[in-house]
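Undergrad: need a structure here:
(chains A and B)
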Amino acid sequence: MFYVIFALLLYCVSVMIHIFFCRKTTKPGLQAKAYIIIAVILIGVYFAGVYTIGQGNFLDPHSLWGLPLKITSGVVFILLVPTYLMFYALTQLMSPSKKILLTIASQGNPSYADIMLGLQEEDFIGTRLNDLCACGCVSQIEGRYVLSLSGRKIAAFLNIMQHVLGREMGG
Amino acid sequence: MQMDLLTVGVGFVSFGIFFIIHVITFRWLRPEVLLKSLRLCMLAIAVLPLMLMGILFVNKAADVSLPAWILASLLALAVAGLVSLFYVLCVFGPYETSVRMRIVRELDRRGPEGLSLQELLGRYSPETILNIRLRRLMGSGDVIEKNGLYHSGSKRNFLFFSDLIAGMIKKWIG
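TA: Numbering: from 1, shown residues only, chains lettered A, B, ... in the order given. Just a heads-up that it's a prediction; the model follows:
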């Protein structure tokens, strides 16, 4: 039980430090890298703490409190890191499905055309294409969009996934 | 140590079983039943680690007390759930629903020539996005269509839930 609480506490601390960092930073955009650095440091603190406690024999491994679920608690901590990042990314991202649900919720009973209007306002394809150009996955050459090397790598991964999952293109 | 490895192992084995079932069955699923099937799979993943830990407990795989087994089972459930969530939201979700990934695949299909914006919109337009998403949302019961008008179905869907958490984080960040 101790190791679980220890890991969860450190996870909460990592989230709090990141929120504090986001409040203070003047940099625009997502601060995902900052959270990854904070989380890696605190995961290191967790394993250092586990090692120290193990050396000191402070806990009775036969009691529920001292049950040595060290690796499990560490794995839960590591898995909670991308979980937080996924929800954090949503603070600045709007997905088409979310936009459709929000349009329906705000307008009551909209028609297909009303929902389409809401969707077109967001310009999902244009903004995503610009993002892909900004991150270097797509290059714009003489008015045509072409995949760069990193974009081709992503496409190759997606093609492998299509073989494994056997599903057609979504979107 | 033995109980620790058993717990992590059960968590990952449960995810492995979920993944195998997912790979075998999801290739035949139509987009409209995708969300519903995913929810069912996630429910199954909640039962699987508890069942596996139950089998290990009956076979006395580790010499620990019953409360320790209960705690380990809950942690195995957490591991399996978090790995599945990671897979669904970071791997399968983007593959199936991301606009960016669809653009990358459309450009990849065209090859080194690439596509102009007009050509891209001819293959993948806002109308395509809306049709795919509406089919998916209506199939899961999140959106209901009646006489050409759309209204919200179930409010307890993952999108509203994730929006709620994201809203909380946004509020804290300020």
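Undergrad: where do the strands sit along chain A?
TA: Secondary structure of chain A by DSSP state E: the strands cover A:138-141, A:144-147.
Undergrad: Quick check: which of these is buried the most?
TA: The highest mean neighbour count among the strands of chain A, using mean count of other CB atoms under 10 Å in any protein chain shown, belongs to strand A:144-147: a mean of 20. Where you see a C-beta, it was placed from the backbone N, CA and C, and this is true even at glycine.
Undergrad: Just the C-alphas of that one, formatted as PDB.
TA: The C-alpha trace of strand A:144-147 is given here as PDB (Å, rounded to 0.1, in the frame of the first residue of the first chain):
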ATOM      1  CA  ARG A 144       1.500  21.200 -53.800                       C
ATOM      2  CA  TYR A 145       1.700  19.400 -50.500                       C
ATOM      3  CA  VAL A 146       4.300  16.600 -50.400                       C
ATOM      4  CA  LEU A 147       5.300  14.200 -47.600                       C
END
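Undergrad: Need the contact partners of that strand.
TA: For strand A:144-147, contacts defined as CB atoms under 8 Å, 6 or more residues apart in numbering or on different chains pick out A:129, A:133, A:137-140, A:155, B:104, B:107-108, B:112-117, B:120.
Undergrad: tell me the domain ranges of chain A?
TA: Listed domain ranges for chain A are A:2-89, A:96-165 (source: automatic domain parsing).
Undergrad: average pLDDT for the last one?
TA: Right, the one you point to is domain A:96-165. Averaging pLDDT along domain A:96-165 gives 89.
Undergrad: same question, the first one
TA: Mean pLDDT, computed over domain A:2-89, is 89.
Undergrad: anything in it sitting right up against chain B?
TA: Yes: Domain A:2-89 lies within reach of chain B by CB under 8 Å from any CB of the partner chain, at A:4, A:19, A:22-23, A:64, A:67-73, A:75-76, A:79-80, A:82-83, A:86-88.
Undergrad: Do a quick rundown of the helices in chain A.
TA: Along chain A, the stretches classed as helices by DSSP state H are A:2-24, A:32-56, A:70-89, A:96-107, A:112-122, A:124-134, A:149-165.
Undergrad: Using CSV, lay out the ones you listed together with distance to residue B:54 and mean neighbour count.
TA: Output for those, formatted as CSV (distance: least, CB to CB, whole Å; neighbours: other CB atoms under 10 Å in any protein chain shown):
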stretch, distance to residue B:54, mean neighbour count
helix A:2-24, 20, 17
helix A:32-56, 28, 15
helix A:70-89, 17, 20
helix A:96-107, 37, 19
helix A:112-122, 47, 16
helix A:124-134, 46, 17
helix A:149-165, 31, 14
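Undergrad: In TSV, list the ones you listed along with distance to residue B:42.
TA: Shown next, in TSV, are the helices of chain A (distance: least, CB to CB, whole Å):
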stretch	distance to residue B:42
helix A:2-24	22
helix A:32-56	25
helix A:70-89	14
helix A:96-107	17
helix A:112-122	27
helix A:124-134	27
helix A:149-165	17
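Undergrad: and of these, who's closest to residue B:137?
TA: helix A:96-107 (6.5 Å; CB to CB).
Undergrad: by how many degrees do the closest one and helix A:112-122 diverge?
TA: Inter-element angle recorded for helix A:96-107 and helix A:112-122: 120 degrees (by axes from the mean of the first three to the mean of the last three CA atoms, to 10 degrees).
Undergrad: check whether helix A:96-107 contacts chain B.
TA: Yes: shown here: helix A:96-107 in contact with chain B (CB under 8 Å from any CB) through A:96-98, A:100-101, A:104-105.
Undergrad: residues making contact with that helix?
TA: By CB under 8 Å, 6+ apart, the residues outside helix A:96-107 that reach it are A:110, A:114-115, A:118-119, A:122, A:124, B:97, B:99, B:129-130, B:133-134, B:136-137, B:142-143, B:150-152, B:157, B:159-160, B:163.
Undergrad: what separates that helix from the chain centre, distance-wise?
TA: 22 Å (CA atoms, centre = their mean, to the nearest Å).
Undergrad: Check stretch A:35-52 too.
TA: Distance of stretch A:35-52 from its chain centroid, counting by CA atoms, centre = their mean, is 19 Å.
Undergrad: Dump it to CSV, keeping only the CA atoms.
TA: The C-alpha trace of stretch A:35-52 is given here as CSV (Å, rounded to 0.1, in the frame of the first residue of the first chain):
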residue,chain,number,x,y,z
TYR,A,35,5.8,17.8,-18.3
ILE,A,36,7.8,14.8,-19.7
ILE,A,37,10.9,16.3,-18.1
ILE,A,38,9.1,16.8,-14.7
ALA,A,39,7.6,13.3,-14.8
VAL,A,40,11.0,11.7,-15.7
ILE,A,41,12.6,13.4,-12.7
LEU,A,42,9.8,12.4,-10.3
ILE,A,43,9.9,8.8,-11.6
GLY,A,44,13.6,8.9,-10.8
VAL,A,45,12.7,10.2,-7.3
TYR,A,46,10.2,7.3,-6.9
PHE,A,47,12.8,4.6,-7.8
ALA,A,48,15.5,6.3,-5.6
GLY,A,49,13.0,6.4,-2.7
VAL,A,50,12.1,2.7,-3.3
TYR,A,51,15.8,1.8,-3.2
THR,A,52,16.4,3.9,0.0
